[in-house]
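Engineer: got a predicted model here, sequence first, then my questions.
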Amino acid sequence: MPREFVSGSAEETLRWGREFASQLAAPAVILLYGELGSGKTTLAKGIISGLGAAREEEVSSPTFVLVHVYRGCPPVYHADLYRVDELRDFETLGLEDIFIEPGILIVEWAERFLLRSNWPAIRIRLKHLGRDRRKISVSV
């Protein structure tokens, strides 16, 4: 899988996410970075469906719920920290409990993710290039 990819459409981003998911093993933390509208949720949909945790149409941004849990093997957690402004807000999420059993944690707005864990972390940066084009960059 390339470390850098330019997606020309939402469908390409979903497909890339599904392919990326095929290479994941629990435990793992997937940290998604990018501006509003850069494709983080679309990519998360592809990853979650690629893991077999839910169909793409069942995956939505947890912006107001903050964390969606998909019970599967492994469990998949999808967090959106856009609305988390302060440490106090972050501490009420209970994300540290996720690390009890091996799973996959996908975090949108990862720059607000304050926890440290011994799970391998993969950083994915999304950049809007105009129209439907997105640059996806992966680092470990």
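Structural biologist: Received, thanks. Numbering: from 1, shown residues only.
Engineer: so what touches stretch 122-131?
Structural biologist: With C-beta atoms under 8 Å, 6 or more residues apart in numbering as the test, stretch 122-131 has contacts from 6, 28-35, 37-40, 43, 110, 134-140. No exception for glycine: its C-beta is placed from N, CA and C like everyone else's.
Engineer: over to stretch 15-25?
Structural biologist: For stretch 15-25, contacts defined as C-beta under 8 Å, 6+ apart pick out 1, 5, 7, 30, 42-51, 104, 136, 138.
Engineer: buried ones only from these, please, as a PyMOL command.
Structural biologist: Selection of the buried residues among the contacts of stretch 15-25 in PyMOL, burial being defined by 16 or more other C-beta atoms under 10 Å:
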select buried, resi 5+7+30+42+43+44+45+46+47+48+49+50+51+104+136+138
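Engineer: buried set for stretch 12-31?
Structural biologist: Buried, per 16+ other C-beta under 10 Å, within stretch 12-31: 12-14, 16-18, 20-21, 24, 26-31.
Engineer: got a pLDDT number for the most centrally placed residue in the chain?
Structural biologist: Centroid check for the chain by C-alpha atoms, centre = their mean gives I106 as the closest residue, at 3.3 Å. For I106, the model assigns a pLDDT of 95.
Engineer: repeat for P120
Structural biologist: P120 carries a pLDDT score of 94 in this model.
Engineer: wait, what's in contact with the closest residue to it other than its chain neighbours?
Structural biologist: Of all residues not flanking P120 in the chain, A28 sits nearest, at 5.4 Å (C-beta to C-beta, 6 or more residues apart in numbering). Residues counted as contacts of A28 (C-beta under 8 Å, 6+ apart) are I104, L105, W119, P120, A121, I122.
Engineer: now do the contacts for the fourth one.
Structural biologist: Residues counted as contacts of P120 (C-beta under 8 Å, 6+ apart) are P27, A28, V29, V140.
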